[in-house]
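Asks: The following comprises the amino acid sequence and a computationally predicted model.
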Amino acid sequence: MGPVDPEPAMPDELKPAAEEPDFREFSDASGKFRIRAQFLGVADGKAKLKKEDGTEIEVALEKLSDNDRAYIDLLPYQ
């Protein structure tokens, strides 16, 4: 038996687009508001987020979902 041919490479146009690792979807506690943003830090009880278009917003921590608050708690931003 000869060597096994490796799987053919997938053409670039068919590969899934690489996500920016620093961006994630944040949502409010109700789940109705969602935004893809990069977490920048916390100041005065508000999460600083940078949207993909470059604009920065602040969202009160208590308005974010439990999952987002848990995510922020795990980050070494302090």
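Replies: Now that the structure is in, tell me what you want to look at. Residues are numbered from 1 along each chain as shown.
Asks: tally of neighbours for residue 59?
Replies: Using other CB atoms under 10 Å, the number of residues around residue 59 comes to 17. (C-beta placed from N, C-alpha, C; glycine too.)
Asks: Give me the pLDDT for the residue most central in space within the chain.
Replies: In the chain, the residue lying closest to the centroid (CA atoms, centre = their mean) is residue 24, at 1.1 Å. With respect to pLDDT, residue 24 has a value of 94.
Asks: Surely it touches residue 34?
Replies: No. Residue 24 lies out of contact with residue 34 (CB atoms under 8 Å); the separation is 10.7 Å.
Asks: shared neighbours, the two?
Replies: Common neighbours of residue 24 and residue 34, using CB atoms under 8 Å, 6 or more residues apart in numbering, do not exist here.
Asks: can you pull out the strands in the chain?
Replies: For the chain, strands defined by DSSP state E occupy the ranges 23-27, 34-43, 46-51, 56-60.
Asks: what's the closest of these to residue 68?
Replies: strand 23-27 (5.1 Å; CB to CB).
Asks: by contact count, what packs against that closest one?
Replies: When contacts are defined as 3 or more CB pairs under 8 Å, 6 or more residues apart in numbering; DSSP states H and E, strand 23-27 packs onto strand 34-43, helix 66-74.
Asks: Other residues contacting stretch 45-58?
Replies: In contact with stretch 45-58 (CB under 8 Å, 6+ apart) are residues 20, 23, 26, 35-43, 59-62, 64, 68, 72.
Asks: quick one: low-confidence parts of the protein?
Replies: Applying pLDDT under 70 to the chain flags residues 1-21, 77-78.
Asks: 90 instead, please
Replies: 1-22, 31, 74-78 (pLDDT under 90).
Asks: Tell me which of the helices and strands packed on strand 23-27 sits most buried.
Replies: Mean neighbour count (mean count of other CB atoms under 10 Å) peaks for strand 34-43 among the helices and strands packed on strand 23-27, with a mean of 15.
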